[in-house]
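*Asks:* quick one, fold the following:
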Amino acid sequence: MSEEPRPVEVVDNPSRGRYELRDGGRMVGHARYVVVAPEQDGTERVVFFHTEVDADREGQGLAARLAAFALDATIARQRTIVPVCPYIAAYVKRHREPYAAHVAAPTPADLAAVRTAAQLG
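*Replies:* Sure thing, here's the model as predicted:
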């Protein structure tokens, strides 16, 4: 009797600033983000700046699954989505509902936060 393969799961790893695609104990993809201080209305901004899936896992719909999970979690936490990452920006554009009302263009402060986060690795 063969064992059922475990499904790939998506988890938030806020200490590393990324949502992770995990297959068992192995990370097979991630979407990096930085949380920027609240706007005047008190809403935090989540700036997504890099999404990647391992080459051997491409073409399986995992990047879309990762994007949907990350964006849905951002909305559930009542945060604003700031798509700097080309993949996340394209995903939001293709799936306007339910994301369009929760998206904002990046500000200079958002881009500065991305530069800092990217340098930290």
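*Asks:* buried set for the longest strand anywhere in the chain?
*Replies:* The longest strand of the chain (DSSP state E) is strand 26-36. Using 16 or more other Cβ atoms under 10 Å as the burial criterion, the residues of strand 26-36 that qualify are 28-36. For the C-beta atoms, the positions are set from N, CA and C on the backbone; glycine is no exception.
*Asks:* for those, which one is nearest residue 120?
*Replies:* When the buried residues of strand 26-36 are ranked by distance to residue 120 (Cβ to Cβ), residue 34 comes first, at 9.5 Å.
*Asks:* re earlier: which pair in the buried residues of strand 26-36 spans the largest distance?
*Replies:* Top of the distance list for these (Cβ to Cβ): 28 and 36, 27.6 Å.
*Asks:* distance from the chain centre to the top helix by length along the chain, please.
*Replies:* Criterion DSSP state H: the longest helix present in the chain is helix 62-76. How far helix 62-76 lies from its chain's middle: 6 Å, per Cα atoms, centre = their mean, to the nearest Å.
*Asks:* same check on stretch 12-24?
*Replies:* Per Cα atoms, centre = their mean, the displacement of stretch 12-24 from the mean C-alpha position of its chain is 9 Å.
*Asks:* try stretch 32-47
*Replies:* Distance of stretch 32-47 from the chain centroid (Cα atoms, centre = their mean) equals 13 Å.
*Asks:* what's the answer for stretch 25-35, then?
*Replies:* So, by Cα atoms, centre = their mean, the centroid of stretch 25-35 is 8 Å from its chain's centroid.
*Asks:* hey, where'd the helices end up in the chain?
*Replies:* Under DSSP H, the chain gives helices at 62-76, 86-94, 96-99, 108-120.
*Asks:* let's see the third one as CSV, backbone CA atoms only.
*Replies:* If I follow you right, that is helix 96-99. Extracted C-alpha coordinates of helix 96-99, given in CSV (Å, rounded to 0.1, in the frame of the first residue of the first chain):
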residue,chain,number,x,y,z
ARG,A,96,-9.4,41.9,-9.9
GLU,A,97,-12.1,40.5,-7.6
PRO,A,98,-11.7,40.3,-4.6
TYR,A,99,-8.3,42.2,-4.6
